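Undergrad: Need coordinates for the following:
(chains A and B)
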Amino acid sequence: MLSRRRFVQGSAAAAALANMGGAWAASGPPGALPATVNPAAFTEAMGAMRAIVGKAYVFTSEPELVGYKDHFAMKPPEEHAASGAVAPRTVEEIRQLLKIARDFGIPLWTISTGRNLGYGGAAPRMPGTLVLDLKRMNRILEVNEKQAYAVVEPGVSYKDLYAHLKRIGSRLWIDCAAPGWGSVLGNLLDRGVGYTPMGEHFLQQQCGMQVVLSDGTVIDTGLGGQAGDLAKYAYRYGHGPWLDGLFTQSNFGVVTQIGVQLMPEPPGYRPYMVTFPDESAIEPLTDAIRPLKLAQIIPNAATSTELLWEAAVEVRRDQYYSGTGPVPPSARKRIMADLDIGEWNFYGALYGPKEVMDATWPVIEDALGSIKGAKFHFEGDRKGGAAFDYRAKLMRGEPNMTEFGTVAWIPNAGHVGFGPVVPVDGKLALDQYRHVRELTNKAGFDYFGEFVVGWRDMHHIFMPAFQLGNEEEGKRLLELIDRLIDDAARDRCGVYRTHLDFMDKVAGTYDWNDGALARFNGKLKAALDPAGILAPGKSGIWPEKRA
Amino acid sequence: MTARIVRNTAAALALLLALSACADADKGASQPREMSGQELYQHWCADCHDAGPGHPGTLRIAGRGGEEHAALLQKEINAEVVEYAVRSGFGMMPPFRLTEISDEELDRLTEYLVKKQ
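TA: Residues are numbered from 1 along each chain as shown, chains lettered A, B, ... in the order given. Take a look at the predicted model:
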């Protein structure tokens, strides 16, 4: 059994895989323990943890820890190498593990499914941190068809929940992130977005959490504070301060359950796409979207995707251009013609009874059709096209992995996310797109981006692909993202989510009033986790002794 | 026209309400179940490695060896390759942890991919 866990660079299997066009993941020893942790004490603590979860679920050897590295790392793997991992199954096991962590001063990094590739995956911010892997907590605890919600544990992926709803004959829809292997709970805690009318996940779906605090206390938030409350998963606030936001993108507790409000399957569904041949179209397009979203005439998360993102789920870069640097205009024109797509490609959908969709459509058609070069596409026109097909699935909450094609663009690739948030404003969108693309192209990378309007804001999601294991390219990409964060802060655009490598940097841009927000987060950290064991460095929040 | 829209919309919503009321008693908690090799393939691999457009793993492998044998179920593949790719990852494919795919599940998945049945 152990042989399978062995990392086998140079084996026959490695050679066979290399022939399929890949390269091995970066290997390396477990992360060096923090100076505050004595190696003998760590060994003793691992023994105590094995007694709680079973010896099969404490991992400390190099082969077992390969999956806890940042597979898309830009820096050498030791920068985020875990010292080990422990995988509990129950809340009670978590409480006991936290006691050991407190007693031995061992820092823990919590993951749900660990599939947040592009932001660090399963790897911890601080090297030597022990990963608290909650993938084994994968129960769907409840589905309430009448009130349209589910209650899930951290290890439940979108795909798991979708399959379960199908299995029990539910007529509820989920809303998923683009890669379907992500955790429902994990994405909510990271404040991710989806593509149905419930696409603003934390705002529209989250209702009630169960959280284990650093001292082992278990709390239920909102109405869950009252035992057996009937509206626990219908009304999220309860009485008094609403705490749930404190446990998103933070290190103040370990969230072990979450209520997820779902969408009843509508009587009708019509996805559509509108393409625009000019790159400047993002300006009038965004201005046309704003009133339609504010009035909820476009009910779902409205997405404007740039040419190469759209193309990369169907074709590879080498089919159009084999040179270095960004894809040139001549190749971009051929891609547009071959795939019948635009420089910008807008996706939306209608939901509801036929009469409602029929009544809404002319308003959308008039608004978007007035933009130069607009061309409308529907399901019947795009049969066999991977891009339209996966967008149509996402807008009805059907998980898939097609968008991962953006890392199939070049051989042996990873990607990293950069996500500034701006108001829904055409000039802002065009200026930001042009600026990011110019810097990206200068740095030698292709621009991969989209603008997603959940309701009143616009996420600019920029996910450039780069070659894994190419130290120089990784360094160049780090410099690019570093510059983009600086420029976004200068232009008063906050980044909503970031990779491990940039958590301190982004937190530092929220510096109004001499960093009052960071100081407040520090006070919360000291109060809620005085031992400083939970996820040191998450979102730039450090325990006092490591700050 | 407006009256018809309202009438039909009300009918559609009434249908939805009726369907949801029927299912109210079903609390729908999941039960652990063992998956066969084929089910494991469908759960973990098919979205990236099936044949046809929209499968990123297939798209990438086709860049090296052509479309014909790019999908996993079209390839001759040995057990060692499957096991090491799953545990160590390669290229854009990340490794899968023991908490995601157990060794026993990997045995069943590997057997399915090697024998294609």
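
Undergrad: Identify the residues contacting the nearest residue to A:Thr36 once chain neighbours are set aside.
TA: Using Cβ to Cβ, 6 or more residues apart in numbering or on different chains and skipping residues adjacent in sequence, the residue nearest A:Thr36 is A:Gly105, 5.6 Å away. To be clear about C-beta, it is placed using only N, CA and C from the backbone, and glycine gets the same treatment. Taking Cβ atoms under 8 Å, 6 or more residues apart in numbering or on different chains as the contact definition, A:Gly105 lies against A:36-37, A:41, A:531, A:533.

Undergrad: just curious, which of those is nearest to A:Val156?
TA: Of all the contacts of A:Gly105, A:Val156 sits closest to A:Ile533, with 25.3 Å by Cβ to Cβ.

Undergrad: nearest residue to the closest one other than its sequence neighbours?
TA: Leaving aside its sequence neighbours, A:Ile533 sits nearest to A:Ala101 (Cβ to Cβ, 6+ apart; 4.6 Å).

Undergrad: Sticking with the one you found, tell me its helix or strand.
TA: Using DSSP states H and E, A:Ala101 maps to helix A:91-104.

Undergrad: contacts for whichever helix or strand comes after that helix?
TA: Next helix or strand after helix A:91-104 toward the C-terminus (DSSP H and E): strand A:108-111. Contact partners of strand A:108-111, identified using Cβ under 8 Å, 6+ apart, comprise A:82, A:97-98, A:101, A:122-126, A:129-135, A:186, A:254, A:533-535, A:538.

Undergrad: Mind checking which of those residues land in strands?
TA: A:130-133, A:254 (DSSP state E).

Undergrad: Compare the residues you listed and tell me which is most surrounded.
TA: Comparing those by number of neighbours (other Cβ atoms under 10 Å in any protein chain shown), A:Leu130 comes first, having 32 neighbours.

Undergrad: partner residues bridging that one?
TA: A:Gly84, A:Leu108 (DSSP bridges).

Undergrad: ok, back up a step: spit out the contact partners of the residue nearest to A:Ile533.
TA: A:45, A:107-108, A:130, A:531, A:533.

Undergrad: and of those, the nearest to chain B?
TA: Distance to chain B across the contacts of A:Ala101 (Cβ to the nearest Cβ) is lowest for A:Leu130, with 14.1 Å.

Undergrad: Pick out the residue nearest the middle of chain B.
TA: Centre of chain B computed as the mean C-alpha position; nearest residue by Cα atoms, centre = their mean is B:His43, 3.5 Å away.

Undergrad: residue contacts, that one?
TA: A:159, A:163, B:35.

Undergrad: okay, the closest residue to the last one other than its chain neighbours: pLDDT?
TA: Right, B:Met35. Closest residue to B:Met35 apart from its sequence neighbours, by Cβ to Cβ, 6+ apart: B:His43 at 6.4 Å. Looking at B:His43, its pLDDT stands at 96.

Undergrad: Same question for A:Gly155.
TA: Per-residue pLDDT puts A:Gly155 at 98.

Undergrad: one step back: next, the buried residues of the helix holding A:Ala101.
TA: A:91, A:93-98, A:100-102, A:104 (16 or more other Cβ atoms under 10 Å in any protein chain shown).

Undergrad: What's the mean pLDDT across that helix?
TA: Mean pLDDT, computed over helix A:91-104, is 98.

Undergrad: next one: it to chain centre, how far?
TA: Mean-position distance between helix A:91-104 and its chain equals 28 Å (Cα atoms, centre = their mean, to the nearest Å).

Undergrad: what does stretch A:464-473 give?
TA: Stretch A:464-473 has its C-alpha centroid displaced from the chain centroid by 20 Å (Cα atoms, centre = their mean).

Undergrad: And the contacts of whatever helix or strand A:Val363 lives in?
TA: According to DSSP H and E, A:Val363 maps onto helix A:354-369. For helix A:354-369, the external contacting residues (Cβ under 8 Å, 6+ apart) are A:267-268, A:270, A:274, A:285, A:288, A:291-292, A:297-298, A:346, A:348, A:350-351, A:374, A:376, B:4-5, B:8-9.

Undergrad: any idea whether the closest residue to A:Pro39 other than its chain neighbours is helix, strand or coil?
TA: Nearest residue to A:Pro39 in three dimensions, chain neighbours excluded: A:Leu33, at 6.1 Å (Cβ to Cβ, 6+ apart). The three-state assignment at A:Leu33 reads coil, by DSSP: H, G, I helix; E, B strand; the rest coil.

Undergrad: Wait, A:Leu33 touches A:Ala41, no?
TA: No - taking contacts as Cβ atoms under 8 Å, A:Leu33 lies outside contact range of A:Ala41: 9.2 Å.

Undergrad: Looking at those two, which has the bigger crowd around it?
TA: A:Leu33 (19 against 15).

Undergrad: OK, contacts around that one?
TA: Applying Cβ under 8 Å, 6+ apart to A:Leu33 gives the contacts A:39, A:42, A:83, A:128.

Undergrad: residue ranges with poor pLDDT in the stretch 1-150 of chain A?
TA: For the stretch 1-150 of chain A, residues meeting the criterion pLDDT under 70 lie at A:1-29.

Undergrad: Point out where the chain drops to low pLDDT.
TA: You didn't say which chain, so I picked chain A. A:1-29, A:547.

Undergrad: Not quite, go with chain B.
TA: Per-residue confidence for chain B (pLDDT under 70) gives these ranges: B:1-27.
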